[in-house]
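> Turn this into a model:
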Amino acid sequence: MESISSRFRRTKKASPTTPPSGVLSGSPPDKSSSESKLDPVGRRESLPTLTIPTTNARNDLPSKSPFRQRFHFRHSHKRARSPTPATLPVPASPAVASQDSAVELGRSTPASAIEDKGEKEMIKETPKPRIPAFLTQSQQDIEAKFHELNWAERFRLQESANNTSPSFKFARVTAPETKILDRYANIQPWANNRVRLQVPDGHLDYINASPITLRSPLDPQSKPPHRYIAMQGPKSGTIDHVWRMVVEQLKSPAVIVMLTETHEGGMEKCFPYFPRTIEEEPWVIGEEDEFGDGFHAEIKCVDIEEHADGAIEVRKLNINVEGREDDMTVWHLLYRRWPDFGVPALEDIDSFFELMRLSKEKNASEDNPRVIHCSAGVGRSGTFMALEHLMREIDSGDVDRLEIDANRGGEDIVYKTVDALREQRKQMVQAEPQYLFIYQVLRKLWLDKHGLTEQDIREEPAAKRLEVDFDPFLDDQRS
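Got it, this is the predicted structure:
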């Protein structure tokens, strides 16, 4: 994860006047063209196209790396075409590889011995890799896929309303006594994919939390799955339930990632369910013995650290469970820079990657689920899971095989992953900007992995591309 994060700290700027070798230039963007598209219910709508430009069309000055400036979008009604890799001149004479790995023409002497400048320019370069097709989609196509995901979820909900069998995969939680335990009336786990508290028979075993398993969409056999528990932000009456779940479901050391502040915009998003300072007396869990099984525990904050200039608060919590010899360690990671229904700001991307790194590093093992929660446990939580899961496919290089395999070239692993999340918990990756954010980050990671910029893969004609004006990262996108 450190290698990925470091790529976002320095990005080589593209030249403002001369495109790199093999890249063609084009005419200015055409703002007048338009194209409409049918949405899932037959309405015709115009959607913007996704592009991360590298130059400023207004003054022709080089722009900063897309992750060091704002992403801006102006609505364009033409779809961007998939960029075609630039082709380089092929030398007429045979190439010979020398001992210092330089490729030369018709000779075996070291590259430093080639004095003829013209001959050097003819040295064959390695072709640029082809960017996976799912990362070249227009913004309107990405938005259309998000609408498809929403329709698929509506159909699941309709099926669950019509099929009252408790064994139905998407059966709903119907017990009326659960409602007081939910933070939001429309956010509940699927009845057959929820964490069940280990309580005596006859007691309610409900907690608003869902086990999540994500297997590699490209190589599920050779990579271990990512395991999480997606949980709502606890309420005042569910604190004991949360810590009971942690003790029952996780191994020590365990990790909880909190992606919301306790209050945002004057509203409670999550009740403060953990001791915030080392000076606080230990919290007592199960004092009222709600389930009549004698479960009691004490939670103590033993250490606090700040990371990423205060973006992350790391607490080391110690849990002493009555009747157990060994204490349990829980690392509580509070991320403070992610607005509800939005995405992290560009200047916070590095801290977001640091959060991912810490959550993996401090966890007992890969098969030990990490608890991820925001307020509802679906929007920010789902985005975190999907992005972390798919970043592994970029880092391993497996996404590059999509363009080699003719049978899978058009596969969209973002859509596939979010759909898999929603089959396990409703409304995961809840907001459209969050869904778009996943593509944007993965595209940037892919470019950085291969040492490329947007200009390197710029398509022709340039008139098909977008100009810059709208910022999906920093806009107040609440719904």
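> element containing residue 357, please.
Taking DSSP states H and E as the definition, one finds residue 357 inside helix 349-361.
> any idea of the mean pLDDT in that helix?
The pLDDT scores in helix 349-361 average 96.
> Would you tell me what the next helix or strand after it is?
Following helix 349-361 in sequence, per DSSP H and E, is strand 370-373.
> doesn't residue 260 make contact with residue 268?
No - Residue 268 is beyond contact range of residue 260, at 10.2 Å (criterion: Cβ atoms under 8 Å). No exception for glycine: its C-beta is placed from N, CA and C like everyone else's.
> More neighbours: the two, which one.
Legend: neighbour count by other Cβ atoms under 10 Å for residue 268 and residue 260, higher for residue 260 (23 against 15).
> re earlier: got the buried residues for the helix holding residue 357?
349, 350, 351, 352, 353, 354, 355, 356, 357, 358, 359 (16 or more other Cβ atoms under 10 Å).
> on contacts alone, who are the packing partners of it?
Where contact means 3 or more Cβ pairs under 8 Å, 6 or more residues apart in numbering; DSSP states H and E, helix 349-361 is packed against helix 2-7, strand 254-258, strand 297-307, strand 312-321, strand 328-335, helix 379-396.
> Which stretches in the stretch 201-350 of the chain count as strands?
209-214, 226-231, 254-258, 263-264, 267-268, 283-285, 297-307, 312-321, 328-335 (DSSP state E, counting those that start in this stretch).
> can you pull out the helices in the chain?
Here the chain has its helices, by DSSP state H, at 2-7, 117-121, 139-162, 239-249, 349-361, 379-396, 413-424, 432-449.
> Take those helices and lay them out in a markdown table including distance to residue 329.
A markdown table is the format used below for the helices of the chain (distance: least, Cβ to Cβ, whole Å):
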| stretch | distance to residue 329 |
| --- | --- |
| helix 2-7 | 23 |
| helix 117-121 | 59 |
| helix 139-162 | 37 |
| helix 239-249 | 11 |
| helix 349-361 | 13 |
| helix 379-396 | 22 |
| helix 413-424 | 27 |
| helix 432-449 | 31 |
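> Can you tell me which of the ones you listed is most buried?
helix 379-396 (a mean of 24; mean count of other Cβ atoms under 10 Å).
> pLDDT of that helix, averaged?
Mean predicted lDDT for helix 379-396 stands at 97.
> I'd like to check the angle between that helix and helix 413-424, please.
Following axes from the mean of the first three to the mean of the last three Cα atoms, to 10 degrees, one obtains 140 degrees for the angle between helix 379-396 and helix 413-424.
> between helix 379-396 and strand 328-335, how many degrees?
Using the same axes, to 10 degrees: helix 379-396 against strand 328-335 is 100 degrees.
> Does anything pack onto helix 379-396? Which helices or strands?
With contacts defined as 3+ Cβ pairs under 8 Å, 6+ apart, helix 379-396 has these neighbours: helix 2-7, strand 209-214, strand 226-231, helix 349-361, strand 370-373, helix 413-424, helix 432-449.
> Just put the ones you listed in TSV and tack on distance to residue 176.
Formatted as TSV, the helices and strands packed on helix 379-396 follow (distance: least, Cβ to Cβ, whole Å):
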stretch	distance to residue 176
helix 2-7	46
strand 209-214	19
strand 226-231	22
helix 349-361	36
strand 370-373	24
helix 413-424	24
helix 432-449	32
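> Looking at those, which is nearest to residue 135?
helix 432-449 (4.5 Å; Cβ to Cβ).
> so what secondary structure elements neighbour the closest one?
So helix 432-449, by 3+ Cβ pairs under 8 Å, 6+ apart, packs with helix 2-7, helix 139-162, helix 379-396, helix 413-424.
> ok so, going back, mind putting the strands of the stretch 201-350 of the chain into TSV with distance to residue 144 and mean pLDDT?
TSV is the format used below for the strands of the stretch 201-350 of the chain (distance: least, Cβ to Cβ, whole Å; pLDDT from 0 to 100):
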stretch	distance to residue 144	mean pLDDT
strand 209-214	24	98
strand 226-231	26	98
strand 254-258	31	98
strand 263-264	30	94
strand 267-268	32	96
strand 283-285	47	97
strand 297-307	38	98
strand 312-321	35	98
strand 328-335	30	98
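> For residue 189, find the nearest of the helices of the chain.
The nearest among the helices of the chain, by Cβ to Cβ, is helix 413-424 at 8.7 Å.
> low pLDDT regions in the stretch 151-300 of the chain?
Scanning the stretch 151-300 of the chain for pLDDT under 70 picks out no residues.
> ok so, going back, mind putting the strands of the stretch 201-350 of the chain in a markdown table, distance to residue 382 included?
Listed next are these as a markdown table, based on distance: least, Cβ to Cβ, whole Å:
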| stretch | distance to residue 382 |
| --- | --- |
| strand 209-214 | 9 |
| strand 226-231 | 7 |
| strand 254-258 | 13 |
| strand 263-264 | 18 |
| strand 267-268 | 21 |
| strand 283-285 | 28 |
| strand 297-307 | 23 |
| strand 312-321 | 20 |
| strand 328-335 | 15 |
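> out of these, nearest to residue 376?
strand 226-231 (9.5 Å).
> Kindly point out the strands partnered with the closest one and how each is oriented relative to it.
Strand 226-231 has the following sheet partners, assigned by DSSP bridges: strand 209-214 (antiparallel), strand 370-373 (parallel).
> most packed of those strands?
By mean count of other Cβ under 10 Å, these have strand 370-373 as the most buried, with a mean of 26.
> Just the CA atoms of that strand, as PDB, please.
Only the C-alpha atoms of strand 370-373 are listed here, as PDB (Å, rounded to 0.1, in the frame of the first residue of the first chain):
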ATOM      1  CA  ARG A 370     -12.400  -5.700   9.700                       C
ATOM      2  CA  VAL A 371     -15.400  -3.800  10.900                       C
ATOM      3  CA  ILE A 372     -16.100  -0.800   8.500                       C
ATOM      4  CA  HIS A 373     -18.800   1.700   9.400                       C
END
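> List the contacts of that strand.
209, 227-233, 246, 250, 254-260, 270, 359, 363, 381, 384-385 (Cβ atoms under 8 Å, 6 or more residues apart in numbering).
> go with 7 Å
228-233, 246, 255-259, 359, 363, 381, 384-385 (Cβ atoms under 7 Å, 6 or more residues apart in numbering).
> Select only the buried ones of those in PyMOL?
Buried residues within the contacts of strand 370-373, by 16+ other Cβ under 10 Å, are selected in PyMOL with:
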select buried, resi 228+229+230+231+232+233+246+255+256+257+258+259+359+363+381+384+385
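> Over to residue 224: give its phi and psi.
phi -70, psi 150 (degrees, to the nearest 10).
> May I see the buried residues of helix 349-361 organised as JSON lines, with distance to residue 202 added?
Shown next, in JSON lines, are the buried residues of helix 349-361 (distance: Cβ to Cβ, whole Å):
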{"residue": "349", "distance to residue 202": "49"}
{"residue": "350", "distance to residue 202": "50"}
{"residue": "351", "distance to residue 202": "46"}
{"residue": "352", "distance to residue 202": "44"}
{"residue": "353", "distance to residue 202": "46"}
{"residue": "354", "distance to residue 202": "45"}
{"residue": "355", "distance to residue 202": "41"}
{"residue": "356", "distance to residue 202": "41"}
{"residue": "357", "distance to residue 202": "44"}
{"residue": "358", "distance to residue 202": "41"}
{"residue": "359", "distance to residue 202": "37"}
